[in-house]
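Trainee: sharing a sequence plus its predicted fold:
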Amino acid sequence: MERVAAARGEITEIVGRPSSGRTSLLVACLRDVAQSGETAALVDTEETFDPASAAQAGVDLRRLLWVRCGGRRDVALRAVDMLVRCPGFALVALDLGELVVRLPATLAFRLKFAVRRADVALLIVGRRRLTGASATLAIETRRQAIEWAGPGPAPTRLARVRTTTAVLRARHAPPAESPSRWWRA
Amino acid sequence: MSRFACVLVAHFAAAAVERCEPALREQPLAVLTQTANIKILVDANAAARERDVRSGMTETEAAARCPTLVTRSHIEEHVAAARHALLEAALAVSPRIEDGGAGIVYVDTAGLERLIGDPEAIGRRLVHQARTVGLVARVGVAGSRTAARVAAASASVPVTVVAPGRERAALAGVPLGVLDLDPPLAATLARWGVRTLGEMAALPREGVTIRLGPAGLRAHDQALGRDHEPFRPWTPPPFWEEAQGLEWEIESLEVLTVVLETVLTRLCGRLGAAALAADVLDIRLGLASGGHHARVVSLAYPMSEVKPMLALVGLDLEAHPPPAPVTRVAVSAHPIRAQMGQGGLWQPPVPAIRDLVSVLARLAALVGTDSLGSPTLVDSHRPDAFAMLAFSPPTEPDAPARGDAEPRLALRRMRPARRVDVAVVGERPARVDAQHVVACAGPWRASGEWWDTEAWARDEWDVALGDGALCRLARDRLTGHWYLDGLYD
């Protein structure tokens, strides 16, 4: 799923409710990019990225450019616009958090052509879809189960969380792998 | 057959001072430098040396030997300016000159006979040129640079010409001290009874090599009047500056950027023609108020392209705008020779430095320098402990990391952590604000820095709420307050 979500030259959107696994999927994409020796940029609108949990997930933080926007969505969009025009990044991720942003269709098309020209993957994570027809793939994450652990009857540890993904839009064939997966806490 | 002239200014540090203060020429002069609370003589002019004042003496000792001694502090800029002036004076006579060190310039005289005359006339022209820049020089002309230098150093007249093929004979009677040999080597030769260049040249070459090594061989070559190193022509450093005077006043940065682009295009064209790149730009803006607005823009990597240069200069001026309308623009570059690099065949592509520097500068202007970079974890148990480093991805690929069978759950941090009201039943959270707790796990107790004023202690709970959120709560054990630390997502 990460390979499909981070396809170069394409825009991918991941949407979902809070705690549905959106950020975990984003971090998995960042990990894959860093492990292949490439560099990624994360435009963090609400400054919610947690370096500690990302490092635990295997992200090489040295290969990550983290742009913190302090809740300013216009700044985040301008930062993304700059980064997708810089060739060499394998992945540019925009984390909109819970902000509901309306993107003009002209800006969405500009992003689409810039991404294609620079051959960079643009991954947008948010509550709702943003780029409309410009996105090649749009998926929604949903939480299925939570597994707790502990020696006694009262759990003392969050063990893992199971999520699934549903394809909302796919210009090409949707990913063939199973949409459900466990995330270890 | 090559002929060389050596322009020699003796006691150059003192000569550089005399050049600045010509009235000191007739007086005994010493140049001093301060070392460890005492002043040591660096150099002295001929008048002072006649009174036994030598380099290395203390100021007190020199003053005792010569009560009328005038002293000046050693200023490096004076010496550098005099050295440059001597080179330019020699360049006015011949286009092929070599910088032989402070006070020494070698001149290739090939072809000058038809322009100036015999070697004596060439020597007189060089002496005259040196005098025009305020330096008193002696000139030696010979078949090699070494022989010319020895002839100039050992002569008492302004111009000494050694006839072609007579170098060895001309140097034979010169004392060995003119070569400035290392003290151990000079002491060895003195013990052997070798006192002149002729005696040194008469020594068997193989024996000198075996007993004295490369230093002895070099001294033997010099005694024979042979040059040890090839001629290295000196060219004056070019003037890398472009300027644009304006007939109108510029008040907006947009218009100023257009003018800067014109100036930078000319400058980059010159740099490109010389296969050079600039790593620092000096921007000097003449203002309508009569003053100047100067900025030094470090380009972070050597470049000769107009576009990234213009972007960096524009961003710098946006952050530090000129205080008044601009009437003149001047840009000078510090040129360096860029080293070309080649990317690895098997390495994944990374952003080119020229693109990355420009994008990072724009992002820094947009979000601030502190909000941009690569995070790095700090060696601390304190929650959310990290630091920001400048983004500089490693160029070498890493060893393949071990992949986890199960991917890890990510946390979305609240910054700052939001304070929440938590109802507790049986020491476990039962309600968070208006949401009831479906399930929870904990507590995970942590504390740190209790030895300091920044002490912290907390209990962490993983909580599933009724609205579907899976979050991490933290209870501050020092204050008893509950905080929403983050959201598992």
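Mentor: Here it is on my side, so go on.
Trainee: contact partners for the residue nearest to the spatial centre of chain A?
Mentor: Centroid-nearest residue in chain A: A:Leu26, 3.3 Å away (criterion: CA atoms, centre = their mean). For A:Leu26, the contacting residues are A:Ile14, A:Ala93, A:Asp95, A:Leu123, A:Val125, B:Ala410, by CB atoms under 8 Å, 6 or more residues apart in numbering or on different chains. Placement of C-beta: from N, CA and C, glycine included.
Trainee: take the residues you listed and keep only those in helices.
Mentor: Among the contacts of A:Leu26, no member falls in helices (DSSP state H).
Trainee: neighbour-wise, which one of those leads?
Mentor: Counting neighbours by other CB atoms under 10 Å in any protein chain shown, A:Ala93 leads the contacts of A:Leu26 with 29 neighbours.
Trainee: name the nearest residue to the residue of chain A found nearest chain B, sequence neighbours excluded.
Mentor: At 3.0 Å from chain B, A:Gly88 is the closest residue in chain A, using CB to the nearest CB. Spatially, and ignoring its direct neighbours in sequence, A:Gly88 is nearest to B:Pro351 (3.0 Å; CB to CB, 6 or more residues apart in numbering or on different chains).
Trainee: who are the packing partners of whatever helix or strand B:Gln244 lives in?
Mentor: Assigned by DSSP states H and E, B:Gln244 belongs to strand B:241-250. Applying 3 or more CB pairs under 8 Å, 6 or more residues apart in numbering or on different chains; DSSP states H and E, one finds that strand B:241-250 contacts helix B:253-273, strand B:326-336.
Trainee: and A:Pro104, which of these is closest to it?
Mentor: helix B:253-273 (24.3 Å; CB to CB).
Trainee: tell me the helix or strand right after the closest one.
Mentor: strand B:277-287.
Trainee: flag every buried residue along stretch B:437-445.
Mentor: B:Val437, B:Cys440, B:Ala441, B:Gly442, B:Pro443 (16 or more other CB atoms under 10 Å in any protein chain shown).
Trainee: list the contacts of the closest residue in space to B:Ser332 that isn't next to it in sequence.
Mentor: Sequence neighbours aside, B:Glu241 is the residue nearest to B:Ser332 in space, at 3.8 Å (criterion: CB to CB, 6+ apart). By CB under 8 Å, 6+ apart, the contact list for B:Glu241 reads B:Leu267, B:Ala330, B:Val331, B:Ser332, B:Ala333.
Trainee: report the two of those residues separated the most.
Mentor: Maximum pairwise distance in the contacts of B:Glu241, criterion CB to CB, is 11.2 Å, between B:Ala330 and B:Ala333.
Trainee: so between those two, which is more surrounded?
Mentor: A count of neighbours by other CB under 10 Å puts B:Ala333 above the other of B:Ala330 and B:Ala333, at 23 against 17.
Trainee: which residue is the nearest non-sequential neighbour of that one?
Mentor: The nearest residue in space to B:Ala333 (CB to CB, 6+ apart) is B:Ala278, at 3.7 Å.
Trainee: and A:Glu46, by the same measure?
Mentor: Using CB to CB, 6+ apart and skipping the chain neighbours, the partner closest in space to A:Glu46 is A:Gly97 (3.8 Å).
Trainee: hmm, A:Phe49 and the one you found touching each other?
Mentor: No. Using CB atoms under 8 Å, A:Gly97 is not in contact with A:Phe49, being 10.0 Å away.
Trainee: burial measure for B:Asp459, as a count.
Mentor: Neighbours of B:Asp459 (other CB under 10 Å): 17.
Trainee: then B:Ala36?
Mentor: B:Ala36 has 5 neighbours, counted by other CB under 10 Å.
Trainee: is it true that B:Ala110 touches B:Pro119?
Mentor: No. Judged on CB under 8 Å, B:Ala110 makes no contact with B:Pro119 at a distance of 11.5 Å.
Trainee: shared neighbours of those two, anything?
Mentor: B:Arg3.
Trainee: which one's more surrounded, those two?
Mentor: B:Pro119 (23 against 12).
Trainee: how close does the more buried one get to B:Ala142?
Mentor: Distance of B:Pro119 to B:Ala142, computed by CB to CB, to the nearest Å: 9 Å.
Trainee: just for the chain, where's the confidence low?
Mentor: Reading this off chain A. A:1-6, A:174-178 (pLDDT under 70).
Trainee: actually chain B
Mentor: For chain B, the stretches flagged by pLDDT under 70 are B:1, B:300, B:338-349, B:396-405.
Trainee: got the domain boundaries for it?
Mentor: For chain B, the structural domains run B:4-97+B:109-161, B:172-224, B:241-336, B:411-488, going by automatic domain parsing.
Trainee: and these, which is most packed in?
Mentor: With neighbours defined as mean count of other CB atoms under 10 Å in any protein chain shown, the domains of chain B peak in mean count at domain B:4-97+B:109-161, which reaches a mean of 19.
Trainee: quick one: end-to-end length of that one, please.
Mentor: In domain B:4-97+B:109-161, first residue to last residue: 10 Å (CA to CA, to the nearest Å).
Trainee: please compute how far that domain lies from its chain's middle.
Mentor: Relative to its parent chain, domain B:4-97+B:109-161 has a centroid offset of 28 Å by CA atoms, centre = their mean, to the nearest Å.
Trainee: what residue in the stretch 1-150 of chain B comes nearest to chain A?
Mentor: B:Glu76 (42.5 Å).
Trainee: likewise the stretch 301-450 of chain B?
Mentor: Per CB to the nearest CB, B:Pro351 is where the stretch 301-450 of chain B lies closest to chain A, at 3.0 Å.
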